[in-house]
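Colleague: Curious how this folds, go ahead:
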Amino acid sequence: MKILPIRNENDYQRSLGRLEEIFDAKKGSAEGDELEILSILIDRYENEKFPIGMPDPIEAIKFRMEQMGMKPKDLAEVVGYKSRVSEILNKKRKLTLDMIRKLNATLHIPTEVLIQKY
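Modeller: Numbers count the residues shown, from 1 in each chain. Got it, this is the predicted structure:
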């Protein structure tokens with residue numbers, strides 16, 4: 001097992017190829033250990049080279065509502081009036097700290113996402 005750092009695209013592609021070769025290795029075996037280490041290196045490289053930004057707060061709310069089968073009227077129970085929900089979802093009203101707390105508790109959206117500017 002010879003593991004090298006991933007410093008560039010060629011190293012990355014080489015590592016992905018090797019990962020594919022040993023993907024079904026048994027945990028605890030030499031190849032299993034190699035698989036685990038390669039996975040960590042690949043993940044680190046991808047996070048550095050291809051970062052994924054935080055989602056838009058309102059889009060995150062809409063996505064989570066869809067996942068949970070919620071309608072705007074259901075969100076009114078969390079943030080207040082139906083008209084307020086409409087204004088929030090259309091980005092005409094900003095989220096308050098109290099709304100952010102309630103959305104976090106109800107929809108389980110991280111506060112880091114909800115406090116962003118939009």
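Colleague: Tell me which residues are up against the biggest helix by length in the chain.
Modeller: Ranked by number of residues, the top helix in the chain under DSSP state H is helix 30-49. For helix 30-49, contacts defined as CB atoms under 8 Å, 6 or more residues apart in numbering pick out 1, 3, 5-6, 11-12, 15-16, 18-19, 22-23, 25-27. For every residue, glycine as well, the C-beta is placed using N, CA and C.
Colleague: Break the protein into its domains for me.
Modeller: 9-49, 57-114 (automatic domain parsing).
Colleague: Which residue ranges of this protein form helices?
Modeller: Using DSSP H, the helices of the chain run over 9-21, 30-49, 57-68, 72-79, 82-89, 97-107, 111-114.
Colleague: re earlier: ChimeraX command for the buried members of the contacts of helix 30-49?
Modeller: The ChimeraX command for the buried members of the contacts of helix 30-49 (criterion: 16 or more other CB atoms under 10 Å) is given here:
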select :6,12,15,18,19,22,25
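Colleague: chain center to stretch 64-71: distance?
Modeller: In terms of CA atoms, centre = their mean, to the nearest Å, the centre of stretch 64-71 is found 17 Å from the chain centre.
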